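Colleague: quick one, what's the 3D model for this:
(chains A and B)
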Amino acid sequence: MTPPAALAFRAVRHAYGRTPALDGVSLDLAPGEIVALLGPSGCGKTTLLRLAAGLERPTAGEVAAAGRLLAGPGTFVEPEDRGIGLMFQDYALFPHLDVAANVAFGLTKQPRAIAAAIVADLLSRVGLAGRERAYPHMLSGGEQQRVALARAMAPRPAVLLMDEPFSNLDQRLRRGMRRETIGLLRATGAAALMVTHDPDDAMAVADRIALMRAGRIVQIGTPEEVWHRPVDRWAAAFFADLEELPATVRAGRADTPLGPFAAPDLADGPALVCLRRDAFDLAAADPEFAATVLAVRFLGEHRTVRLAVDGLDRPIDTHVDARVPVAVGARLAVGLDRAQAFVFAQP
Amino acid sequence: MAPRSVFPRSFDGFAAIGLVTALAALAPIAALAVVAFGGEATTWRHLFVSVVPRAAVETALLALGVVVFVGTVGTASAWLVATRDFPGRRLLEVLLLLPLAFPAYVLAYSWLDLLHPIGPVQTALRDLLGYARPADLRLPDLRSLPGAVLVFGFALYPYVYVATRTVFLSQTTTLIEAARMLGARPARVFFGVALPLARPALAAGCSLAVMETLNDVGAAEFLSVNTLTAAVWSTWVNRSDLAGAAQIALAMLTFVVALLMLERLARGGRGYAVFGRAGRPLAPRRVAGLRGLGLFCLGLLPALFGFVFPAVHLVRQAWQRLAFAGLAEEIVRETVDTVLVAAATTLLVVALAALLVSGRRLRVGSRLSAACLRLASLGYAVPGTVLAIGLLVVYGTIDAGLRALVAGLGGPALGLVLSASFAGVVIALALRFFRLAAAKIEAALDRVSPSLEQSARMLGRRPFAAMRAVHWPLLAPAYAGAALLVFVDCMKELPATLLLRPLGFETLSTRLYGEAARGTYENGALAACLIVAFGLLPIVLMTRIGRRPALAEVPPTAAALDPVPAAPAAEAGEPA
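Modeller: Purely as a prediction, here's the structure:
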């Protein structure tokens, strides 16, 4: 028998007044698993997090943790009794308490000496040893984030909830914090549910990504699955910009000015072929179509190239290897990486 | 959405205390209605034919005059110190606040004494003009409707001054600068941009001034203006007609509700002064030399009539009295009694307000907590006399009930428990000033992120423990500020204390009232001085806060001005 889910949502619904926020969401977190709730603002991901925390009550459905019902018809466990950790987007450090007191805040049941040892251990793990007596306003954003993480982890919760944990950090700090956060979660074996609107955060941290839209989970899977097999055009576009080509499906094949694309599962009729910007290869051994270079922009890691494709009335933008030089006005033979192309039925 | 049951999931200690407080606030109003409709129809007819219409007209005229006066003087003085820089501007900013220390009845008391036929002003005038007898020189009597408008106006214009100055100083800066860059002259900047933006603040300040006018019982009586409050008062005190008093009191409540609706109308239903960011203060235009001196003198006038002249007179009278008779023992006892009443009320009010305000935040989505907070705030909109008449009924009922209970159990004959008791006065003042403390604490709590107490809950604290660990330390300054405001208002309070106090119990304000009623003004001067001195406390604190860059921070009393100070019930339907 598999162990019960560390955190489980079963057909959860929620509404603020008359505005629906969640429309029947089911999701299971295995013990030790890190799941990202990814979606645009207003999709209900933060509401789902707050339902798990007990800061909101579901209007229908159930929330359970490790086999224990937390919220459901006739049952509601108060947040302080759930044994779940939560890291707020604004960190919510107590401004009147120093770092050590903040981290020790949830350790009321342990004897003082043990609590102090836990605090010292956690602070050294997040690289804040020696900052015990500092107050939150004296810390940088990254340091505050580390204190918030240490504080949430101090009572050893089986589940940690994180609300946009990296959104207040700059790019460089963000990479370091993602690594540290995963490290601490793995070391304690806690499962984690992270809310984010940033696909990079989700891909870098999560074992599985739950993509949400308008109060529902539209797709759930490993980062590779959601990247390579998006369920619809919207899911594909959420991770990276797309070039879209109208096409017509006939006998499992979508024909476009760039050539045919396999569409085995689609019925005959209008369809949309979506290509990621880096699906194009300007130095391909087996080119598929010809194009003229309209504009070039060097961006360090890659080069954006705007192409006029023969037979297509609208230019397309591509991201190509920055080491390959491209001149405006050049005629090119362009290859395609078909793993980065998706065909969806036209709604 | 599934209906969320109020009981029992969200019911806890917070809700219980909230419920008790809300019921206590509702009880006097309900009691008024019961007694009023239980009265005889003949009294109804008599009252509403011969008493109420005249009193209502006088009250309306007085209120109108006060609105025009405080609106003009308050806005003009605020605009002057906010947009013009002249020698003495900083001093004037503070001086203009000082009349806040004068309750209207003390100001009326002081001016009546100053302008008495054998008082200092008229005596000096006669000497100057060479008249021998008071009858030879007749000045218009202060004891008239225009006189009352002036006295109330000078006492109450600071409400408008404080509210509109905040808007002019910080919230309209970029808009005023934009208007000037578009070529608008000062007059157009004021009437076209600043005044419309300050309209909600102006409406709030004016309505607060009118509420104070309606609440007053001393000044109107001293100045012989027959207001509704005075009618309630005399119906009960002189004729012992409780039902009649309750009937007029109900009519007065209608007046208050109409006023609050008028205020919402005047605010235009828009909170558009709110969007302005309190950021960089406006750079005032420099006015130097004689013109600057002229502006200073012009701005000084309200402060002179509202504070300096009457205060100097009171201090001189008090000094003469002390030199002549020494420090009377009773004034010491009265001061101690006043402080005791005020301190007990302050403790009760701040504790209740802290619990109800925090409870509402800790119980997210609990309509019970929100409703209790709103209802408990009702007392601030009810004039003190009306509240006191209602409480007379409530206390009497409770005492009768207790007497019957004790007698039924074979106990001894029970005297008065709440009626005419210290506790009765404290409860009345607590209901009256709850809103003052709650508004101040709520404003401070709004600046504390809810994620803080939610963090505490996630880390294992129960709601009350979360309040203690997070709200108490963070809100301590707000609790202190609220305590000071309530304390000072209790020290000044007259009508409810006068009606509900135990026999022979005197506070500074009731002593002053008694001396004025007897016409022995000089005996009350020391009490008046003490009341004003206590009233200066929050102003001193306010200006100390304001010392920091250009008074950008909202002064404490503005907590009572924003948002709609006395319309909790009307606002209950809106999202928080």
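
Colleague: please report how far B:Lys440 lies from B:Ala482.
Modeller: Per CB to CB, to the nearest Å, B:Lys440 is found 4 Å from B:Ala482. C-betas here are computed from N, CA, C, even on glycine.

Colleague: over to B:Val312?
Modeller: B:Val312 is 32 Å from B:Ala482, by CB to CB.

Colleague: what do you get for A:Phe280?
Modeller: When distance is defined by CB to CB, A:Phe280 is 66 Å away from B:Ala482.

Colleague: which one's more surrounded, those two?
Modeller: The residue with more neighbours, out of A:Phe280 and B:Ala482, is B:Ala482; 29 against 26, by other CB atoms under 10 Å in any protein chain shown.

Colleague: so what's the residue lying closest to A:Val328 once chain neighbours are set aside up against?
Modeller: Leaving aside its chain neighbours, A:Val328 sits nearest to A:Val293 (5.4 Å; criterion: CB to CB, 6 or more residues apart in numbering or on different chains). Going by CB atoms under 8 Å, 6 or more residues apart in numbering or on different chains, A:Val293 touches A:305-307, A:326-330, A:332.

Colleague: so what's the residue count around A:Trp316?
Modeller: In this structure residue A:316 is Ile, not Trp. 20.

Colleague: find the nearest non-adjacent residue to whatever residue of the stretch 101-250 of chain A ends up closest to chain B, please.
Modeller: Nearest residue of the stretch 101-250 of chain A to chain B (CB to the nearest CB) works out as A:Gly106 at 3.3 Å. In space, and not counting its chain neighbours, A:Gly106 is closest to B:Leu459: 3.3 Å by CB to CB, 6+ apart.

Colleague: got the contact list for the one you found?
Modeller: Applying CB under 8 Å, 6+ apart, we find B:Leu459 in contact with A:80, A:105-106, A:151-152, A:155.

Colleague: host element of the closest residue to B:Tyr380 other than its chain neighbours?
Modeller: Using CB to CB, 6+ apart and skipping the chain neighbours, the partner closest in space to B:Tyr380 is B:Arg435 (3.4 Å). In this structure, B:Arg435 sits in helix B:422-446 according to DSSP states H and E.

Colleague: any buried residues in that helix, and which?
Modeller: For helix B:422-446, burial by neighbour count (16 or more other CB atoms under 10 Å in any protein chain shown) applies to B:422, B:424-445.

Colleague: and if you look at stretch A:219-229?
Modeller: A:219-221, A:223, A:226-227.

Colleague: touching that stretch from outside, list them.
Modeller: A:27, A:202-203, A:206-211, A:230-231, A:235, A:239, A:339.

Colleague: these in strands, which ones?
Modeller: Assigned to strands by DSSP state E, the following of the contacts of stretch A:219-229 qualify: A:27, A:208-211.

Colleague: where do the strands sit along the stretch 51-200 of chain A?
Modeller: Applying DSSP state E, counting those that start in this stretch to the stretch 51-200 of chain A gives strands spanning A:60-65, A:68-72, A:75-76, A:84-87, A:159-163, A:191-196.

Colleague: want to throw these into TSV with distance to chain B?
Modeller: Shown next, in TSV, are the strands of the stretch 51-200 of chain A (distance: least, CB to the nearest CB, whole Å):
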stretch	distance to chain B
strand A:60-65	7
strand A:68-72	11
strand A:75-76	6
strand A:84-87	4
strand A:159-163	8
strand A:191-196	13
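
Colleague: need the least confident one among those strands, by mean pLDDT.
Modeller: Mean pLDDT is lowest for strand A:75-76 among those, at a mean of 90.

Colleague: give the pairing partners of that one; include direction for each.
Modeller: Sheet pairing for strand A:75-76, assigned by DSSP bridges, gives strand A:68-72 (antiparallel).

Colleague: related to what we said a few turns ago, max pairwise distance over the buried residues of stretch A:219-229: which two?
Modeller: Taking every pair in the buried residues of stretch A:219-229 and measuring CB to CB, the maximum separation is 13.1 Å, between A:Ile220 and A:Trp227.

Colleague: any low-confidence regions in the stretch 301-450 of chain B?
Modeller: B:364-365 (pLDDT under 70).

Colleague: from B:Tyr395, how far out is A:Ala267?
Modeller: Counting by CB to CB, the gap from A:Ala267 to B:Tyr395 is 82 Å.

Colleague: who has more neighbours out of these two?
Modeller: B:Tyr395 (25 against 9).

Colleague: is it true that that one touches B:Val425?
Modeller: No: contact criterion CB atoms under 8 Å: B:Tyr395 and B:Val425 do not qualify, at 10.5 Å.

Colleague: list residues touching both of those two?
Modeller: By CB under 8 Å, 6+ apart, B:Tyr395 and B:Val425 have these common neighbours: B:Leu500.

Colleague: following the chain past the strand or helix carrying B:Ala230, name the next helix or strand.
Modeller: In this assignment (DSSP H and E), B:Ala230 forms part of helix B:228-237. Using DSSP H and E, the helix or strand that follows helix B:228-237 in sequence is helix B:242-266.

Colleague: in that next one, which residues are buried?
Modeller: By neighbour count on 16+ other CB under 10 Å, the buried set for helix B:242-266 is B:242-253, B:255-256, B:259-260, B:263-264, B:266.

Colleague: same thing with stretch A:280-293?
Modeller: Neighbour-count burial for stretch A:280-293, with 16+ other CB under 10 Å as criterion, is recorded at A:280-282, A:289, A:291, A:293.

Colleague: and it, end to end?
Modeller: End-to-end distance for stretch A:280-293: 13 Å, by CA to CA, to the nearest Å.

Colleague: so what's the gap between stretch B:135-155 and the chain middle?
Modeller: The chain centroid and the centroid of stretch B:135-155 are separated by 23 Å, computed with CA atoms, centre = their mean, to the nearest Å.

Colleague: please apply the same query to stretch B:92-99.
Modeller: Distance, centroid of stretch B:92-99 to centroid of chain: 18 Å (CA atoms, centre = their mean).

Colleague: what do you get for stretch A:245-255?
Modeller: Distance, centroid of stretch A:245-255 to centroid of chain: 32 Å (CA atoms, centre = their mean).

Colleague: now stretch B:462-470
Modeller: Computed by CA atoms, centre = their mean, the chain-centroid distance of stretch B:462-470 equals 32 Å.

Colleague: got it, and stretch B:119-139?
Modeller: Between the centre of stretch B:119-139 and the centre of its chain there are 37 Å (CA atoms, centre = their mean).

Colleague: so what pLDDT did B:Val274 get?
Modeller: B:Val274 carries a pLDDT value of 43.

Colleague: ok, B:Ala108 next?
Modeller: We have a pLDDT of 92 for B:Ala108.

Colleague: now it: which helix or strand?
Modeller: Going by DSSP H and E, B:Ala108 is in helix B:104-114.

Colleague: ok so, going back, put together TSV for the strands of the stretch 51-200 of chain A, with mean neighbour count and distance to B:Val382 on each row.
Modeller: As requested, the strands of the stretch 51-200 of chain A are arranged in TSV below (neighbours: other CB atoms under 10 Å in any protein chain shown; distance: least, CB to CB, whole Å):
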stretch	mean neighbour count	distance to B:Val382
strand A:60-65	20	43
strand A:68-72	18	42
strand A:75-76	14	38
strand A:84-87	26	43
strand A:159-163	24	44
strand A:191-196	26	47
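
Colleague: reformat those strands as a markdown table; add distance to B:Leu499.
Modeller: Converted to a markdown table, the strands of the stretch 51-200 of chain A look like this (distance: least, CB to CB, whole Å):
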| stretch | distance to B:Leu499 |
| --- | --- |
| strand A:60-65 | 54 |
| strand A:68-72 | 52 |
| strand A:75-76 | 48 |
| strand A:84-87 | 53 |
| strand A:159-163 | 54 |
| strand A:191-196 | 58 |
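
Colleague: for A:Asp28, grab the count of nearby residues.
Modeller: 16.

Colleague: quick check: A:Arg18 vs A:Thr59, distance?
Modeller: 11 Å.
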